[in-house]
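Compute the structure for the input listed below.
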Amino acid sequence: MALGLVACGGGSSQDANEPSGEFPTQVSKASFPPHQVLANSANLELAIKNVGSKAIPNLAVTIHTGKIKAGVTATGSGQGSFNIRLNNPSLANPNRPVWILENQYPKVLAPGLKTTNLHEAPTAGADAAQTDTFQFGSLPAGDSREIVWHVTPVMPGSYTVHYEVAAGLEGQAKAVTRGGGPVRGQFPVDISTKVPQTCVKGTGQVVTKCGP
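Residues are numbered from 1 along each chain as shown. This next block holds a predicted model:
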């Protein structure tokens, strides 16, 4: 699938002629498990649809992470979507990962492709850079992109993962809701160090809810 998908550290040639205007955009699916366990991987999924009459010039998604409980003052670092910046002047590098983004991600799901065999799918040109924004190329009117970030939590605590959708990288093309507002959302997530109790049912199925 030649979607021209790259993570962005700067603009591209198509951004030089980015049109001005508003482009109605809808997030039809937004999923990220609210309860996670250290070292157990999870998928962050966004399905984004162009609900306007014009092609979105360059679909882009910005993701950043912030900590939401007391104990450590931290915000998004700008040096990786799933990193936080610790407010500790004694640290040589205050940027710390909360999640590690899997190599070859994010990926764009082809029609009919399930997340169960996502690892076998081509990367569609995705290349995660050390920035907070990923660009996915032009999105025709009426079309959708279903995007998956596969991540592994490495720091326990409570966090909020924020995302915002844009129609370009230069700020002239703006993704908007039907009401004209910004297209964005967030996922509150608790990462625990405790692995939940598991049981094996008579059928051989492993479950986390044990008991009668």
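
For the nearest residue to Glu170 once chain neighbours are set aside, give me its contacts.
Distances taken as Cβ to Cβ, 6 or more residues apart in numbering place Glu18 nearest to Glu170, at 4.6 Å, with adjacent residues excluded. For the C-beta atoms, the positions are set from N, CA and C on the backbone; glycine is no exception. Taking Cβ atoms under 8 Å, 6 or more residues apart in numbering as the criterion, Glu18 is in contact with Pro57, Asn58, Gly168, Leu169, Glu170, Gln172, Ala173.

and Glu18, how far is that from Ala60?
11 Å (Cβ to Cβ, to the nearest Å).

Identify the contacts common to those two.
Gly168, Leu169.

Now do the same for the residue nearest to Glu170: its pLDDT.
At Glu18, the pLDDT value in this model is 87.

same check, this time on Leu3
41.

how about low-confidence regions in this protein?
Scanning the chain for pLDDT under 70 picks out 1-16, 69-78, 112-116, 121-130, 195-198, 201-212.

How are the helices of it distributed by residue range?
Here the chain has no helices by DSSP state H.

Was I right to think Val165 contacts Gly181?
No: judged on Cβ atoms under 8 Å, Val165 makes no contact with Gly181 at a distance of 11.5 Å.

With neighbour numbers in mind, choose between those two.
Val165 (24 against 8; other Cβ atoms under 10 Å).

Run through the bridge partners of the more buried one.
Here Val165 sits in beta bridges with Val61, Val183, as judged by DSSP bridges.

Would you mind stating the distance between it and Thr193?
In terms of Cβ to Cβ, Val165 sits 33 Å off from Thr193.

Same check on His35?
Separation of His35 from Thr193 (Cβ to Cβ): 13 Å.

One more: His119?
Per Cβ to Cβ, His119 is found 26 Å from Thr193.

same deal with Ala60?
Counting by Cβ to Cβ, the gap from Ala60 to Thr193 is 34 Å.

go on, Leu86?
With Cβ to Cβ as the criterion, Leu86 and Thr193 are 19 Å apart.

out of those two, which sits in the busier spot?
Leu86 (18 against 10).

With adjacent residues omitted, what lies nearest to that one?
Going by Cβ to Cβ, 6+ apart, Leu86 has Pro94 as its nearest residue, at 4.7 Å.

ok, that neighbour - how many residues close by?
If we define neighbours as other Cβ under 10 Å, then Pro94 has 16 of them.

Val37 now?
Using other Cβ under 10 Å: Val37 sits among 17 other residues.

re the thing from before, tabulate the contacts of Glu18 in CSV, adding columns for neighbour count and distance to Asn40.
Converted to CSV, these look like this (neighbours: other Cβ atoms under 10 Å; distance: Cβ to Cβ, whole Å):
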residue, neighbour count, distance to Asn40
Pro57, 24, 38
Asn58, 23, 34
Gly168, 24, 36
Leu169, 20, 34
Glu170, 15, 39
Gln172, 14, 41
Ala173, 22, 38
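
from those, which ones fall inside strands?
Ala173 (DSSP state E).

of the contacts of Glu18, closest to Ser158?
Leu169 (31.3 Å; Cβ to Cβ).

now the closest one: how far from Gln135?
6 Å.

CA atoms only: put stretch 19-28 into PDB for me.
Provided in PDB are the C-alpha atoms of stretch 19-28 (Å, rounded to 0.1, in the frame of the first residue of the first chain):
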ATOM      1  CA  PRO A  19      -3.900  25.000   0.700                       C
ATOM      2  CA  SER A  20      -5.600  27.200   3.300                       C
ATOM      3  CA  GLY A  21      -9.000  26.200   4.700                       C
ATOM      4  CA  GLU A  22     -11.000  23.900   7.000                       C
ATOM      5  CA  PHE A  23     -11.400  20.200   6.300                       C
ATOM      6  CA  PRO A  24     -14.200  18.400   8.100                       C
ATOM      7  CA  THR A  25     -12.800  15.300   9.800                       C
ATOM      8  CA  GLN A  26     -14.200  12.700  12.000                       C
ATOM      9  CA  VAL A  27     -12.500  10.200  14.400                       C
ATOM     10  CA  SER A  28     -14.800   7.200  14.000                       C
END
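
Thanks again, I'm all set now.
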